[in-house]
Every structure is written in structure tokens, then in C-alpha cells.
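K.L.:
have a look; sequence and predicted model below, questions after that.
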Amino acid sequence: MRLETPRLLIRNWRDRDRELFFRINSDDRVMAFFPFRRDREQADRLFDMLRDGIARNGYGFAALELRATGAPIGFAGLQPAGLEPVLPAETFEIGWRLAPEFWGNGYASEAARALLAYGFDDLGLDEIVSFAVWNNTRSTAVMERIGMRRDPEADFDHPKVPETHPDLRRHVLYRLSREAWRARAEP
Ligand SMILES: CC(C)(COP(=O)(O)OP(=O)(O)OC[C@H]1O[C@@H](n2cnc3c(N)ncnc32)[C@H](O)[C@@H]1OP(=O)(O)O)[C@@H](O)C(=O)NCCC(=O)NCCS
């Protein structure tokens, strides 16, 4: 998998990205809306799983590289949401995570737009969803910026968030159908 946008390369992981990947899985600011932090060993294990999955499937949470410098800045990608029974098993989600020094430049939205096109045109998806803790407004702002719409009736308590973190349980769901995306993309 390799997609190009004006400023970014969306590509599979390389060993030189391991340090950045660990950082965005352990940093308190980046992980503020997650009930866990990953140590280096856990981050490396997930890194290997993502790399194998992308190589096998042609999609997954992939590395974002700044074309101007070659620096890895975070990830974005499409993957099965894995949220049964809240969502049907075949549901695909779009997600993102950037190191904080790269926030505020439009990179997540730029990557996400290319991934929507990839998901609808190349993978043939009918719908892509995204979800976040209700007050993760930086993330829901990306969803809105790329044309996703909140489905207020689909708010849910994330089944994998433990009782120890009640403030991180309530999630909002955003959706985008291929038809709505096409209508929006056309001039
Ligand atoms: C969610 C996250 C990826 C959003 O990052 P972000 O940088 O705010 O989002 P974007 O890339 O869309 O950038 C938008 C911002 O860049 C600004 N911007 C600057 N230059 C821009 C450009 N050339 N094009 C577009 N936007 C630009 C926009 O005005 C906007 O600023 P604002 O936040 O002050 O309104 C980031 O906050 C993050 O990694 N959070 C932690 C992990 C996380 O919670 N992930 C989601 C879990 S559901």
C-alpha cells in the first residue's frame, strides 16, 4: 500500500519508524483518550502486526511520512472496526494518530481524504465509520472536515474500555456512505 497526497506518503511501516510508533503509543497527550499506554515491547509487537496486516491485506493503520523531509509523523488508515455487537462485523473504520508536534497542519485530514478515496474506489467499501470519545474534539473535527456526519442515535459505550476509566467509555459515531462521499467529491 502506497498513497501520495500533496504533502504526505501513506505507506507500510519501516523499521526506522519504530521509535515514532512507540512515542505515539506512550505519550500522555497523544493517548489522552485511551485507557492504556504501550511500553516499547508492546508497541513493537503491534508495529509488527500492523506491518504484516498491511502487507497481507493492502489496508490497515499505515505510516504517514512527510514527503518534504522523509520524517514519519504518525499513522492513519482503514481497518475493520472490530466492534461487534455495536457495529456489524464487516464495518470499516478510519482512524488517525499523530505525534503532537505535527498537530495543527491539516496532515490528518489530508491523509484521511486520500484514504476515503482508497476505501471507496479501490477497496469497494459502501460505508466508512469513525468513532471517538465524545469530547475528543480534535478527532471529531477531522471527521467533520472530511465530510463525515455524526449519527447521534449511534452513540455507544466502548466495550473494550474498562470500568476503571468511566470518562473514556462514551463514544460518538460518525458515518460516510460511498454515495454521500461521491456527491460531495463531485464539483
Ligand atoms: C486527532 C488528531 C490526529 C488531529 O490532528 P490535527 O492536526 O488537529 O488535525 P488536522 O490534521 O486535520 O489539522 C487541522 C488543524 O490544522 C490547521 N491547518 C494548518 N494548516 C493547514 C492546512 N494547510 N490544511 C488544513 N488545515 C491546516 C487547521 O486550521 C486545524 O487547526 P485547528 O485545530 O486549530 O482548528 C491529533 O490530535 C491526534 O493525534 N490526537 C491524539 C490521538 C487521537 O486521539 N486519535 C483519534 C482517536 S479517535
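P.N.:
Nice, I can see it. Numbering: from 1, shown residues only.
K.L.:
what residues of the lowest-mean-pLDDT helix or strand in the chain count as buried?
P.N.:
One helix or strand of the chain scores below all others by mean pLDDT, DSSP states H and E: helix 178-185, with a mean of 92. By neighbour count with 16 or more other CB atoms under 10 Å, helix 178-185 contains the buried residues 178, 181. C-beta coordinates here come from the backbone N, C-alpha and C atoms, glycine included.
K.L.:
which other helices and strands contact it?
P.N.:
The contact analysis (3 or more CB pairs under 8 Å, 6 or more residues apart in numbering; DSSP states H and E) places helix 178-185 against no helix or strand.
K.L.:
can you tell me what sits against it?
P.N.:
Here helix 178-185 makes contact (CB atoms under 8 Å, 6 or more residues apart in numbering) with 116-117, 120, 125-127, 147, 149.
K.L.:
list the ones among those that fall in strands.
P.N.:
127, 149 (DSSP state E).
K.L.:
buried subset of the contacts of helix 178-185, written for PyMOL?
P.N.:
Restricted to buried positions by 16+ other CB under 10 Å, the PyMOL selection for those reads:
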select buried, resi 116+120+125+127+147
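K.L.:
quick check: phi and psi at R16.
P.N.:
phi -70, psi -10 (degrees, to the nearest 10).
K.L.:
what's the pLDDT at it?
P.N.:
Listed pLDDT for R16 reads 98.
K.L.:
what is the burial count for it?
P.N.:
Neighbours of R16 under the rule other CB atoms under 10 Å: 11.
K.L.:
now the most centrally placed residue in the chain: how far from P159?
P.N.:
Nearest to the geometric centre of the chain sits G95, at 1.3 Å (CA atoms, centre = their mean). Distance, G95 to P159, by CB to CB, to the nearest Å: 17 Å.
K.L.:
in stretch 89-105, what's buried?
P.N.:
The neighbour-count check on stretch 89-105 (16+ other CB under 10 Å) flags 91-99, 102 as buried.
K.L.:
what sits up against it?
P.N.:
So stretch 89-105 is in contact with 20, 23-24, 27, 29-30, 61, 64, 66, 73-81, 83, 107-108, 111-112, 115-116, 119, 123, 125, 127-131, 138-139, 142, going by CB under 8 Å, 6+ apart.
K.L.:
what's the answer for stretch 131-145, then?
P.N.:
Contacts of stretch 131-145 (CB under 8 Å, 6+ apart): 32-33, 81, 83, 93, 96, 103, 108-109, 112, 130, 150, 155-156, 158, 168, 170-174.
K.L.:
redo that, cut-off 6 Å
P.N.:
For stretch 131-145, the surrounding residues in contact (CB atoms under 6 Å, 6 or more residues apart in numbering) are 33, 108-109, 130, 168, 170-174.
K.L.:
which among these count as buried?
P.N.:
Buried by 16+ other CB under 10 Å: 33, 108-109, 130, 168, 171-174, out of those.
K.L.:
and these near the ligand, which?
P.N.:
Among the buried ones among the contacts of stretch 131-145, the residues that sit close to the ligand (CB under 6 Å from any ligand atom) are 33, 108-109.
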